[in-house]
Structures are given as C-alpha cells and as structure tokens.
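Trainee: below: sequence and its predicted model.
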Amino acid sequence: MDDVLKVKLLHPDAQLPQRANPGDAGLDLYSIEEKNIAPGEAELIRTGIAIELPRRTEAQVRPRSGLALKHRVTVLNSPGTIDEGYRGEIKVILINFGKTPFKVEKGMRIAQMIIAPVMSVTVSVTEQLAESERGEGGFGSTGITKINEK
Ligand SMILES: O=c1ccn([C@H]2C[C@H](O)[C@@H](COP(=O)(O)OP(=O)(O)OP(=O)(O)O)O2)c(=O)[nH]1
Ligand SMILES: [Mg+2]
C-alpha cells in the first residue's frame, strides 16, 4: 500500500500537489499568488500548503523543465529540501534567467515535488578511510570524453 502524504491547505486558493500522469515521479506545486519576476531576479512564491511527510522521507522541490526551456525560469536552490519535520508553508524560490519579466499566475504549476527516502546515519570521526579504486581523484580526473582515452 502507498505511504500517505498528508497535506494541509493553508489558504482558500491552495491546491493539492498533483501528478500530471499516474506514475509520474513529481507532484506539481501550484502558486497561490500572482507575482512578477524581473530578469535576473528571484522571488519566493507561496504554495499555500503544509505537509506531513512519511517517516524517513524528504521532499525535493525541483524545477519544471517546460518553464526552464520556454521561459528560463527555474528553482534557484534546486533541489530545495523539505525536511520531514517541517510544518510551515512550502515556498518555492523561482529565478528568472530570461531577458524579459516572467509573470507567475495564481494557480500556475511552478515546480514539482519528489518524495525521496532519507538514510539515517550517525556521524563518526575517523583517521582512516577505506581504500578505493577512485581514491582522491575527482573534478575531471577521468578525462572529459571517453574513458581510458589518453
Ligand atoms: O525550497 C524550499 C526549501 C526549504 N523550504 C522549507 C522546508 C525546509 O525544511 C526549511 C529549511 O530549508 P533548508 O534547510 O534548505 O534551509 P536553511 O537555510 O538550512 O534553513 P534552516 O536553518 O531553517 O534549516 O525551509 C521550503 O519551503 N522551500
Ligand atoms: Mg537547514
């Protein structure tokens, strides 16, 4: 059986997060306000909802690719993190990378929310990390194109 995502509607215009198609990973988030985002600027957009996540999960607030491609509007802190214990209103930080102002309309789907498992770990300090094939190589250490290409 599915886990339950409890949603509290904090505003008369708030809408339940919704999948566009059954089986979609993302639940679309709706704006309850109208707001202009100037080119190069970011705005905090209200969704009018608060949630209670299943135990040991988080919600990730991710951009919608259509808004990014057509309008250069994306989530500034993507993926935004909604902590399991957060009971405040979910808000979305949208940034406009376009050259023209972008108008967020009331009822517009502005982002999507993915519910993901969270590993619970204990932090433990150590002098010795287990050896691995990668070792300390990173930041392009394997090259840019094909693997093993000199
Ligand atoms: O896009 C986002 C990101 C976060 N939040 C809410 C839920 C989250 O649980 C809380 C804190 O977010 P985060 O930990 O990313 O921000 P912080 O700057 O570390 O704030 P805090 O000190 O409150 O943890 O803010 C949102 O509503 N939208
Ligand atoms: Mg934090």
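Mentor: Right, received. Where do you want to start? Ligands and ions are numbered 1, 2, ... in the order given.

Trainee: if I look at residue 90, how far off is ligand 1?
Mentor: Going from residue 90 to ligand 1 by C-beta to the nearest ligand atom, to the nearest Å gives 4 Å. No exception for glycine: its C-beta is placed from N, CA and C like everyone else's.

Trainee: just use 264 as the starting number from now, easier for me
Mentor: Understood, numbering begins at 264; the last thing we discussed is residue 353.

Trainee: who are the contact partners of that residue?
Mentor: Residues near residue 353 by C-beta atoms under 8 Å, 6 or more residues apart in numbering: 292, 310, 312-314, 322, 324, 345, 376.

Trainee: run the last query once more with 10 Å
Mentor: 270, 273, 277, 280, 292, 308-314, 322, 324, 343, 345, 374, 376 (C-beta atoms under 10 Å, 6 or more residues apart in numbering).

Trainee: over to residue 366?
Mentor: Taking C-beta under 10 Å, 6+ apart, one finds 297-300, 334 in contact with residue 366.

Trainee: try residue 291
Mentor: Residue 291 is in contact with 278-283, 327, 371-376, counting by C-beta under 10 Å, 6+ apart.

Trainee: would you format those as JSON lines with pLDDT included?
Mentor: Output for the contacts of residue 291, formatted as JSON lines (pLDDT from 0 to 100):
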{"residue": "278", "pLDDT": "98"}
{"residue": "279", "pLDDT": "98"}
{"residue": "280", "pLDDT": "98"}
{"residue": "281", "pLDDT": "97"}
{"residue": "282", "pLDDT": "97"}
{"residue": "283", "pLDDT": "94"}
{"residue": "327", "pLDDT": "98"}
{"residue": "371", "pLDDT": "98"}
{"residue": "372", "pLDDT": "98"}
{"residue": "373", "pLDDT": "98"}
{"residue": "374", "pLDDT": "98"}
{"residue": "375", "pLDDT": "98"}
{"residue": "376", "pLDDT": "98"}
